[in-house]
Structures are given as structure tokens and as C-alpha cells.
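1. here is my input; please provide its structure:
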Amino acid sequence: MLDPVPGPRDGLALRCGRVLLSPWSRLALLVLLLAGAASAVVAYEPQQLLVTGWPPQVSGGAAVALFAAAYGLCTAAFVPRPLLNLAAGALFGSQAGLAAAIAGTVLGAGISFTLGRLLGQDALRPLLRGRWLTAADGQLSRHGFRSVLVLRLLPGIPFAASNYCAAVSRMGYLPFLLATGIGSVPNTAAYVVAGSSAASPTSPVFLIAAGFIVASTLVGALVAWRKRHRLRSV
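-> Got it, this is the predicted structure:
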């Protein structure tokens with residue numbers, strides 16, 4: 001039996017489907033999602049709700065898992081991770097707080113990477129023509145694990161922005177998530193410990209954590225300055 005010949009309505013539906021699934025339509029959807037998420041963060045300040053509005057009846061492992069899920073969603077919406085790390089330490093202490101923060105970090109990175117890969121990669125890859133953009137894309141595509149590990153070890157690099165940039169490259173999920181989980185431990189631990197001991201700002205534990213944060217920030221700034229100077233001299 002012959003298939004029916006597509007009519008005008010079928011042709012219109014196919015054209016609309018192609019337009020809606022085109023790279024630029026998906027990129028527009030990504031921009032709308034990120035703009036909405038950023039607006040929600042400004043309006044509701046979820047990082048404050050995680051501390052002041054945390055439900056007291058939720059405790060134990062369920063509380064850690066719930067916080068990690070909220071952490072992941074917040075980081076995908078551009079909430080600064082240092083604030084969430086301090087909140088994790090204040091709520092759960094050093095060990096459970098670090099577990100919640102690292103799990104939330106990997107989850108948030110995975111959410112951002114997936115959104116960027118599905119909705120933005122096809123439209124943005126043809127635009128990677130500048131010297132810096134081409135170099136960054138090549139580094140992430142060929143040496144993804146090492147590059148992301150360095151990005152996570154150095155503070156000051158916007159977390160969500162780096163996730164979406166990595167999604168445009170050709171690196172795989174597993175190297176990206178592994179490098180994120182491993183590389184985020186040192187600085188995350190420092191903030192979590194600082195949050196857990198914030199009630200005693202003169203204690204040795206708090207001072208060591210604060211000193212590590214300051215030192216790593218200075219090292220990150222120095223490395224970024226040297227990289228920028230080297231690129232300019234090329």
C-alpha cells in the first residue's frame with residue numbers, strides 16, 4: 001500500500017519542526033533558560049534560603065542529598081559556589097558538608113554541560129574563529145581532563161561559564177565530570193571548613209582555611225596574568 005502524499009499541512013508541520021529544532025532555535029532556548037535562572041537567583045536569593053530557610057525536620061543523609069541537589073541547580077543558575085560551600089559547612093560540618101558540596105558541584109557541572117551540549121554546541125562551534133577561542137577549544141578538545149582539572153584547581157574562574165564553554169568543545173562527559181570532581185576538592189574543602197568554623201573566626205582551623213583561600217586566589221590571579229601575557233605576546 002502506497003504511503004499518502006504529504007499535504008500542505010504536513011509540509012508546514014515539517015518546516016516548523018525543522019525551525020524549532022535548528023541550532024539557532026536551540027541556542028535561543030538556552031539563552032532564555034539561563035536568563036530566567038539568573039533572574040530567579042536575583043529575585044529569590046536561593047543561597048540565602050539554603051541557610052536561613054533550611055527545613056529543620058530534614059536531617060541526616062536525606063538532608064545532605066537534598067542540599068546537593070539544590071546546590072547543583074543553583075550553580076547551573078550562576079549562584080557563586082563559595083557561598084554555597086560556606087553554607088554546606090555551616091549546615092553539615094566539614095565532612096558531610098564537603099560530600100554535599102562536591103556532589104552538588106559535579107551535578108551542577110553535569111547540568112550545565114548537558115544544556116550547553118544539547119542546545120548550544122551546534123550553533124556556537126562555527127563561530128570559534130578568534131585566536132583565543134580557537135586555542136581554548138583546541139585545548140579542551142584534545143586535553144579535556146587536564147584542562148578542566150587546572151580550571152577547577154584555580155579559583156576565580158566562573159564555574160557556570162566554564163561549564164558552558166567546555167560543552168561547546170568536543171571533550172567527553174566522563175573526563176569533564178571526573179576532572180571537575182577531583183579538581184574542585186581543595187578549594188571546596190577550604191570554604192566548607194571555613195563555613196563550619198565561622199562561629200570561631202580566631203580558631204586555628206578557620207585561620208588555616210582562610211589563609212588557603214587567600215593564597216590560592218593569589219596563585220590563580222598570577223597564573224591567569226601570565227597566561228594572558230603569553231597569549232598577547234604570541
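2. CA atoms for contacts and neighbours, from now on please.
-> Noted.
3. in which helix or strand would I find the residue nearest to Ser184 when sequence neighbours are not counted?
-> Take Ser184 and drop its neighbours on the chain: the residue closest to it by C-alpha to C-alpha, 6 or more residues apart in numbering is Arg152, 5.2 Å away. For Arg152, the host element (DSSP states H and E) is helix 144-153.
4. buried ones in that helix, by neighbour count?
-> Gly144, Phe145, Ser147, Val148, Leu149, Leu151, Arg152, Leu153 (16 or more other C-alpha atoms under 10 Å).
5. any chance of the residues you listed in CSV, plus distance to Ala161?
-> Formatted as CSV, those follow (distance: C-alpha to C-alpha, whole Å):
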residue, distance to Ala161
Gly144, 16
Phe145, 17
Ser147, 15
Val148, 12
Leu149, 15
Leu151, 11
Arg152, 12
Leu153, 16
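6. quick one on the thing from earlier: got the contact list for the helix holding Arg152?
-> Applying C-alpha atoms under 8 Å, 6 or more residues apart in numbering, the external contacts of helix 144-153 come out as 139-140, 157, 171-172, 175-176, 178-180, 182-184, 186-187.
7. let's test this: mean pLDDT of the next helix or strand after that helix, rounded?
-> Per DSSP H and E, the first helix or strand lying C-terminal to helix 144-153 is helix 159-168. In this model, helix 159-168 carries a mean pLDDT of 84.
8. check stretch 56-67 too.
-> 83.
9. which of the residues in the longest helix along the chain are buried?
-> Scanning the chain for the longest helix, with DSSP state H as the assignment, gives helix 81-119. Within helix 81-119, the residues that count as buried by 16+ other C-alpha under 10 Å are 81-82, 84-94, 96-117, 119.
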